[in-house]
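Asker: model this:
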Amino acid sequence: MYLLSLDTATNSGGVALSRNAEVVSVWMCKTPMRYSERVIPWIENVLDAHGLRPHQLDALAVALGPGSFTGIRIGMATAKALAQSLEKPLVGISTLEALAYRYRWSDRLIVPWIDARRQQVFGAAYRIPGLDTEEVLPPSVDAPARWLKKLPEERCLLVGDGAEFYRSTIEAERPGDQVLAGDNQIVESLCQLGYFRYTRGRTSAPESLQALYVRPSDAEIGQTPQGARP
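Answerer: Below you'll find the model as predicted:
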């Protein structure tokens, strides 16, 4: 079966195509400000490279966030429109979960961090005992030092651009933990997790899939009434 994955929520966005569980094509572009104009050509290029037409896809997977608000909306709108027009099932996956899945070989608790700006990180924690993930801490946003206090007392592996950016904070607060430098590329993981869940019937109707923003947008914060907490 063919599955197309799509990520425009992170700063390492792109699309990937998998045949069964094997990723056969990846198209990436680290230009978040241009995702809206490039996402459809990405999809066309990946399909054309394998002589496929959109109706030959069996399913789609999309990054739900957290990440860029505009990017999340671009990816969700594109994936939902394709799934509806093609009448194909859709799998929604957290950016943090997909990022953790890249490091499923580790026997540590995997803690993906994505830089959320404002001196904050989007983070979560997962164990990956097999082909699927086990959520230990759900996605949330906080200052790095406060986020680290949520972690259990066990060896952790912190990954993603947020972990690299705040490496000194991690090393000072939790010297026994490991930090791996790397970007936020997740399109291959979206394919792999998407295939696993599709084959087990864990899909969503496009109209029911919800984005995972974690925090309100800057516009929503600006509209918060005086005296209220955003």
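
Asker: Flag every buried residue along stretch 177-187.
Answerer: Buried residues in stretch 177-187, counted by 16 or more other C-beta atoms under 10 Å: 177-179, 182-187. (C-beta placed from N, C-alpha, C; glycine too.)

Asker: Pick out the lowest-pLDDT one from those.
Answerer: Checking pLDDT across the buried residues of stretch 177-187, the minimum falls on Gly182 at 87.

Asker: just checking, it touches Phe165?
Answerer: No. Using C-beta atoms under 8 Å, Gly182 is not in contact with Phe165, being 11.7 Å away.

Asker: now, among the buried residues of stretch 177-187, which is nearest to Tyr35?
Answerer: Nearest to Tyr35 among those is Val187, at 12.7 Å by C-beta to C-beta.

Asker: ok, the residue nearest the centre of the chain to Glu22 distance?
Answerer: Closest to where the C-alpha atoms of the chain average out (C-alpha atoms, centre = their mean) is Thr95, at 1.5 Å. Note on Thr95: its distance to Glu22, by C-beta to C-beta, to the nearest Å, is 22 Å.

Asker: so Ile40, which of the three states?
Answerer: helix (DSSP: H, G, I helix; E, B strand; the rest coil).

Asker: contacting residues around it?
Answerer: Thr78 (C-beta atoms under 8 Å, 6 or more residues apart in numbering).

Asker: same deal with Ala49?
Answerer: Neighbours of Ala49 in contact, by C-beta under 8 Å, 6+ apart: 17, 25.

Asker: Quickly note the distance from it to Tyr198.
Answerer: Distance, Ala49 to Tyr198, by C-beta to C-beta: 22 Å.
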